[in-house]
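S.K.: Have a look; sequence and predicted model below, questions after that.
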Amino acid sequence: MSIQYQILGAAGRDNALLVYLHTGKAVDRLLFDCGDGCLAALPFAEIQRILHLCFSHLHMDHIGGFDSYFRCVYDRTNRPNRIWGPPETARILQHRLQGFLWNLHEGKQAGWRVGDVFPDHLACTRFELNEAFAVAHPAGKKRFQRVLVQTPAYTIETMHLDHLTPSLGYLVREAPRLNVDANRLPALGLRPGPWLKAVKTAPPEQKLLEIDGKPYELDLLRAALLTESPGDSIAYLTDFLLDDAAMAKLVPWLDGCKVIVCESAYRHADLDLAHRNYHLTAPQAAELAARAHAGKLFLIHLSDRYPPEQWPELLAEARAVFPETYFPVQWGI
C-alpha cells in the first residue's frame with residue numbers, strides 16, 4: 001500500500017489524521033485537522049515534514065492543537081506552508097498567527113498561504129512572517145471543481161458537508177497504477193528483463209525502446225503490456241449531518257474507497273440528538289461505508305457523553321451494519 005496513515009488522539013478526545021503518501025521520490029505528509037493534543041505523539045522533525053494542513057472546519061476541537069503545529073513550522077522555508085479549510089479559514093487563522101509576541105521576525109522570509117475552499121472556487125491569502133502576519137495579502141481566486149491538490153502521484157479532493165457551518169470532507173486518491181502483464185510477453189516474442197521498467201517510466205518524449213538490440217515503439221509496447229489498476233485511497237469525514245441528500249452525493253464519491261476515517265459521535269439510540277447537532281451515529285457511518293463499498297471503516301470523534309465501558313457497544317452497533325469497522329488500534333478497545 002502506497003498510502004499509509006496514522007489516526008491521532010485518544011478515544012473520547014480530539015482526533016486528527018496523518019497521511020503518508022509514497023510518491024516514488026519522497027514521502028508527502030498530509031494532516032487533516034489538528035485537535036488538542038493530537039500532535040503529542042509525533043517527533044518535532046515529523047511535524048516539520050507535514051506538507052499540507054487540511055481543516056474540516058474551525059471549531060475548537062479541530063483546531064485546538066494548531067499552536068503546537070505552528071510552533072514547529074512557523075519559520076519553515078524548505079517546503080511550502082499550505083493550509084486549507086472552509087470559508088473564513090484565513091480570517092480566523094490570522095488571529096492565531098498574530099496571537100504571539102513577534103519581535104525577532106524581521107528578515108525572516110517564511111510565507112504562508114491559506115486557502116478558503118468555497119463550493120465553486122478557491123480564495124487564497126498570503127501571510128508573511130517578516131510582517132508579523134499583520135497583513136492579509138489576497139493571493140488570487142480560481143475556479144474549483146472538487147480537486148484541491150493534484151500531483152502526478154496523488155490528488156486531494158474535497159466535498160462540502162453541512163455542520164450548521166461548512167465542514168469539508170477530504171478524499172486522497174493515489175494515481176492509478178500501471179502494471180506489466182508478464183503473461184503477454186511470449187505472444188510478442190519477448191523475454192523479461194530490466195527494459196520492462198522503462199515501459200512504465202520512460203518520459204513521454206521517448207518514442208523507441210531498444211530490446212536485445214532491436215528498436216520497439218514504446219506506445220505499442222505499452223498498449224500490449226500495461227494494465228491499469230486503481231491506486232489506494234483514504235477519506236476523512238467528520239462533523240456533518242448525514243441525511244438523504246448527503247448520502248446521495250457521498251456514496252458515488254467514495255465508491256471503492258480503501259479506508260474511510262469517519263466520526264461516530266453518537267449511538268443509534270441518540271439518533272435524534274445526532275441530527276439536532278448535525279453529527280453522525282456509528283451505524284450511519286457504517287451504512288455509508290457499506291453503500292460506498294469501502295474496504296475498512298475507522299471510527300473516531302466519540303462523544304464524551306458515553307463512558308468507556310460503552311465504547312465496545314458503539315463499535316458493535318457499527319459492525320452489525322459493516323463488519324470491517326474498527327477503532328484505531330492504539331485505543332486498545
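M.R.: Sure, I can see it.
S.K.: and stretch 262-275, which residues are buried?
M.R.: Residues 262-267, 270, 274-275 are the ones in stretch 262-275 that count as buried (16 or more other CB atoms under 10 Å). C-betas here are computed from N, CA, C, even on glycine.
S.K.: what's the answer for stretch 116-126, then?
M.R.: Using 16+ other CB under 10 Å as the test for burial, stretch 116-126 gives 116-117, 122-125.
S.K.: Give me the subset of those that lies in strands.
M.R.: Those of these mapping onto strands are 116-117, 122-125, per DSSP state E.
S.K.: now, which of those sits nearest L188?
M.R.: Nearest to L188 out of these is L122 (CB to CB; 46.4 Å).
S.K.: Name the spans of the protein whose pLDDT lies under the cut-off.
M.R.: Applying pLDDT under 70 to the chain flags residues 1.
S.K.: those helices in it, which residues are they?
M.R.: Under the criterion DSSP state H, the chain carries helices at the ranges 44-48, 60-63, 66-73, 89-97, 185-188, 195-201, 218-225, 244-254, 271-276, 282-291, 311-319.
S.K.: Give me the packing partners of the longest one, helices and strands only.
M.R.: It refers to helix 244-254. Judged by 3 or more CB pairs under 8 Å, 6 or more residues apart in numbering; DSSP states H and E, helix 244-254 is in contact with strand 154-162, strand 166-174, helix 282-291.
S.K.: between the second one and helix 244-254, how many degrees?
M.R.: The reference is to strand 166-174. Comparing the axes of strand 166-174 and helix 244-254 via axes from the mean of the first three to the mean of the last three CA atoms, to 10 degrees yields an angle of 20 degrees.
S.K.: Parallel or antiparallel, list what pairs with strand 166-174.
M.R.: Strand pairing for strand 166-174, using DSSP bridges, gives strand 154-162 (antiparallel), strand 233-237 (antiparallel).
S.K.: buried set for that strand?
M.R.: Within strand 166-174, judged by 16+ other CB under 10 Å, the buried ones are 166-174.
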